[in-house]
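Participant: Turn this into a structure:
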Amino acid sequence: MSNRTISWAAALRELKADRAVRLPIREERLRTNVGLRGAPATAMSVWRGRSSRRYIVVVQSLDAPDLVAEHAAVILAIARCENGQASIVAARACDAGDPGYLGWLAACAGLGARELHAYRLAETQSERAEIAADLGGPAADSAAGMA
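Facilitator: Take a look at the predicted model:
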């Protein structure tokens, strides 16, 4: 066992610097088990919005069946760079059966989206709109009005 002395002032400066480097809207990946009692693991992730609130999302491929056909959700169209870092292409607050969803999805694919993240815990349209605004980055803001 070593007897190192920790400089708390230096450690606090480092923590503050780390916080300053982080993006205001960012993905914080979750680890999931391979399976629980034989069931395949659900791909999940967490997004932290401008407000610092955390949103747990289910990750789907871009070609997943219509995610809002039966249930309302906030849908994030996601692009990933070579190192795996995610960025939000667009965010949309969708009601169940949203008629503009598929057109929006096609436009997002054209902008480089490769996966979808669905947040389903918002109960009202106003809550979904607030969450979409909290998660919508500069690129997502310009794409929000698509289709």
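Participant: all helices in this structure, in order from the N-terminus.
Facilitator: For the chain, applying DSSP state H gives helices covering 8-21, 101-110, 125-135, 138-143.
Participant: Show me what counts as buried in the second one.
Facilitator: Buried residues in helix 101-110, counting neighbours by 16 or more other CB atoms under 10 Å, are found at 101, 104-105, 107-108. (Each C-beta comes from the backbone N, C-alpha and C, glycine too.)
Participant: and stretch 73-87, average pLDDT?
Facilitator: For stretch 73-87, mean pLDDT rounds to 93.
Participant: Can you give me the buried ones in that stretch?
Facilitator: Buried residues in stretch 73-87, counted by 16+ other CB under 10 Å: 73-79, 86-87.
Participant: tell me, what residue is most central in the chain?
Facilitator: Of all residues in the chain, the one closest to the mean position by CA atoms, centre = their mean is W47, 4.2 Å from it.
Participant: What about the closest residue to that residue other than its chain neighbours, how many residues nearby?
Facilitator: Nearest residue to W47, sequence neighbours excluded (CB to CB, 6 or more residues apart in numbering): Y55, at 4.9 Å. Neighbourhood size, Y55 [other CB atoms under 10 Å]: 18.
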